[in-house]
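> Fold the stuff below for me.
(one chain, ligands or ions: 1)
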Amino acid sequence: MPRWKTLFSQHLRWSNTVTQALVLSVITFCVILPLCCHRLLYSYYFIKTMYLDSMSEEVLHEGLVRGQDALQFWQSTSTTASSRFSDIAQNPELLVIVVSVQRNEGRDFHYLLQVMRQMSGLLESCGSQRCAEVLVCDVESGPQENQDAKILEDYFKVIRRSPLEKRRNRDSVNTFEREKRDYVFCLRKGWELVQPKNIVVLEDDALPKQDFFTVVKHLLSRTFAFQTLYVKLYHPERLQRYWNPEPYRILEWVGLGLVGATALLLSFSYWNPCSFSFTLSVTHLLFFTLYFMAAIELLGRHYLLEVRRFSPQLYAVSPATECCTPAMLFPGNSSLRVAEYLDGSFCVKGNAKDIVLYQMARTIPGERAHSVEPNLVTHIGAFSSVRGNPLKPRLL
Ligand SMILES: CC(=O)N[C@H]1[C@@H](OP(=O)(O)OP(=O)(O)OC[C@H]2O[C@@H](n3ccc(=O)[nH]c3=O)[C@H](O)[C@@H]2O)O[C@H](CO)[C@H](O)[C@@H]1O
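Numbers count the residues shown, from 1 in each chain. Have a look, this model is predicted:
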């Protein structure tokens, strides 16, 4: 064949491949994914202007109903049936401490009652071998009482500061420092009272998921747990994207792209072995890797993480992420070190206890911290007790 003919047919083949790639990309990214994902809250395709307000209202309404149900549940539960949770055994494998203040905004949502209702269900499902001891740490130090904690007194052990300590704690410190001191108080008091082998601290708007105890137990059976200062059990869903600067996620992202592309190309070559030249396969591999990476990110990493719930072994453990402390596991006696570290720092707006903890794990020699994914709790608090709240809380 003359040289010009060879070049022309090569050019045709390439332009054909480029056209195919373009058509596939347009169909996937401009038609299929937008159609499938425009209602998914954590997808790039989510149409905020159309759905955010209505979804936020719906979730608020559901939260209110759940809160009122929880109130009714605790008011109607007979003390004898549930009071066994208040007899705390010494040296348990796991102690769960739930930190709570009286909430002014969002008080009708009874977050603490919701969390404890779920907790009691999970504890009951463990059977006679209790999966954890549970304490409610009521840190309200204002003149009013923490109404929800009061209701729970018949069912769970509730710990508080003495009136003198309360007065001292109210001394003119900012909310973030007070929040940190409250956390330290709960960690130390829990340890002193029960001397547990491990501690989980939940904030009062962190609703444990069904897999909570199974996964915590599995984490504690792994050796990394005893070389870590803490394991974060929750990270906000909106920050779970690959495009958030967490180095390990980039590896996961490229890895998934490569696996997807390789699987696709292998199945192509199985059905049509003659159509693949080496150069075309490398180009294809590159293209499909990028294609899968883009598709996964645009769909939303959050939804992909949910697949890991299939088994506790599949939960991913990675270096700790920065924001938020709704649910934290402190293996062994690390809670004592955490209390000491926190005691030695002063919190202000922009440097709250979550940031301080993260910095400590990074800067103190020998300390490390981890996060587990997917989340083991749902954050149900639409109203913050440490920050100002918008008139209408929104999901994003
Ligand atoms: C979902 C989320 O992003 N939550 C984070 C956000 O909390 P939020 O701004 O969402 O505040 P929040 O109302 O959830 O309060 C966090 C916790 O602090 C407790 N509390 C509150 C007031 C007080 O004087 N003493 C006290 O102990 C309260 O009971 C709760 O257990 O910021 C905090 C740091 O500031 C933590 O990093 C929270 O994990």
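
> Going by neighbour count, which residues in whatever helix or strand V317 lives in are buried?
Using DSSP states H and E, V317 sits in strand 316-319. Neighbour-count burial for strand 316-319 flags V317, S318 (criterion: 16 or more other C-beta atoms under 10 Å). Where you see a C-beta, it was placed from the backbone N, CA and C, and this is true even at glycine.

> Centre of the chain to it, how far?
Mean-position distance between strand 316-319 and its chain equals 12 Å (C-alpha atoms, centre = their mean, to the nearest Å).

> other SSEs contacting the helix or strand that that strand is followed by?
Using DSSP H and E, the next helix or strand after strand 316-319 towards the C-terminus is strand 327-330. Under the contact definition 3 or more C-beta pairs under 8 Å, 6 or more residues apart in numbering; DSSP states H and E, strand 327-330 sits against strand 199-203, helix 212-220, strand 230-232.

> Nearest to the ligand, out of these?
strand 199-203 (3.1 Å; C-beta to the nearest ligand atom).

> Mind giving me the packing neighbours of the next helix or strand after that closest one?
Heading C-terminal from strand 199-203, the first helix or strand you meet, by DSSP H and E, is strand 206-208. Judged by 3+ C-beta pairs under 8 Å, 6+ apart, strand 206-208 is in contact with helix 111-125, strand 377-379.

> can you list the ones you listed in CSV and add mean pLDDT and distance to the ligand?
Shown next, in CSV, are the helices and strands packed on strand 206-208 (pLDDT from 0 to 100; distance: least, C-beta to the nearest ligand atom, whole Å):
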stretch, mean pLDDT, distance to the ligand
helix 111-125, 96, 8
strand 377-379, 98, 4
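
> Pick the most deeply packed of these.
helix 111-125 (a mean of 22; mean count of other C-beta atoms under 10 Å).

> And the contacts of that one?
63, 66-67, 70-71, 73-74, 82, 85, 96, 98, 100, 103, 130-132, 134, 136, 146, 148-149, 151-152, 155-156, 202, 204-208, 210, 212-213, 380-381 (C-beta atoms under 8 Å, 6 or more residues apart in numbering).

> If we use 7 Å, what do you get?
66-67, 70-71, 73-74, 82, 85, 98, 100, 103, 130-131, 134, 148-149, 151-152, 156, 202, 204-208, 212-213, 380-381 (C-beta atoms under 7 Å, 6 or more residues apart in numbering).

> The ligand contacts on the chain?
Residues of the chain lying near the ligand by C-beta under 6 Å from any ligand atom: 99-101, 139, 175-176, 178-179, 182, 203-205, 236, 324-326, 352-354, 379, 381, 384-387.

> let's go with 5 Å and repeat that
99-101, 139, 178-179, 182, 203-205, 324-326, 352, 354, 379, 381, 384-387 (C-beta under 5 Å from any ligand atom).

> And these, which of them are buried?
99-101, 139, 178-179, 182, 203-205, 324-326, 352, 354, 379, 381, 385.

> For stretch 238-247, what does the pLDDT average out to?
For stretch 238-247, mean pLDDT rounds to 90.

> meant to ask about stretch 284-303
Mean predicted confidence for stretch 284-303 is 97.

> Only the buried residues of it, if you could.
Of all the residues in stretch 284-303, those buried under the rule 16+ other C-beta under 10 Å are 284-285, 287-289, 291-303.

> Same check on stretch 363-371?
E367, A369, H370, S371.

> Including distance to P245, pLDDT and secondary structure, could those residues go into CSV?
Below are those laid out as CSV (distance: C-beta to C-beta, whole Å; pLDDT from 0 to 100; DSSP: H, G, I helix; E, B strand; the rest coil):
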residue, distance to P245, pLDDT, secondary structure
E367, 22, 96, coil
A369, 17, 97, strand
H370, 18, 97, strand
S371, 14, 97, strand
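
> Show me which of these is closest to K197.
Proximity of these to K197 (C-beta to C-beta) peaks at H370, which lies at 18.1 Å.

> how close does that closest one sit to the ligand?
17 Å (C-beta to the nearest ligand atom, to the nearest Å).

> contacting residues for that residue?
F224, T228, V231, V317, S318, P319, A320.

> returning to that earlier point: could you redo the helices and strands packed on strand 327-330 as a markdown table and give each row mean pLDDT?
Shown next, in a markdown table, are the helices and strands packed on strand 327-330 (pLDDT from 0 to 100):
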| stretch | mean pLDDT |
| --- | --- |
| strand 199-203 | 98 |
| helix 212-220 | 98 |
| strand 230-232 | 98 |
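
> hey, where'd the helices end up in the stretch 101-250 of the chain?
Remark: helices assigned in the stretch 101-250 of the chain by DSSP state H, counting those that start in this stretch are 111-125, 147-152, 163-170, 175-194, 212-220, 247-271.

> Give me the local confidence score for the residue nearest to the spatial centre of the chain.
Residue closest to the mean C-alpha point of the chain, counted by C-alpha atoms, centre = their mean, is Y234 at 2.3 Å. Per-residue confidence at Y234 stands at 98 (pLDDT).

> Phi and psi next, for it.
The phi/psi pair for Y234 (degrees, to the nearest 10) reads phi -150, psi 140.

> and S76, how many neighbours does it have?
Using other C-beta atoms under 10 Å, S76 has 7 other residues around it.

> And for the one 10 residues further on?
Around S86 sit 18 other residues, with neighbours defined as other C-beta under 10 Å.

> quick one: it and F156 touch, right?
Yes. With contact defined as C-beta atoms under 7 Å, S86 reaches F156; the gap is 5.5 Å.

> right, and the helix or strand after the helix or strand of the chain with the lowest mean pLDDT?
In the chain, no helix or strand scores lower on mean pLDDT, DSSP states H and E than helix 79-82, which sits at a mean of 62. Remark: after helix 79-82, the chain's next helix or strand is strand 95-100, criterion DSSP H and E.
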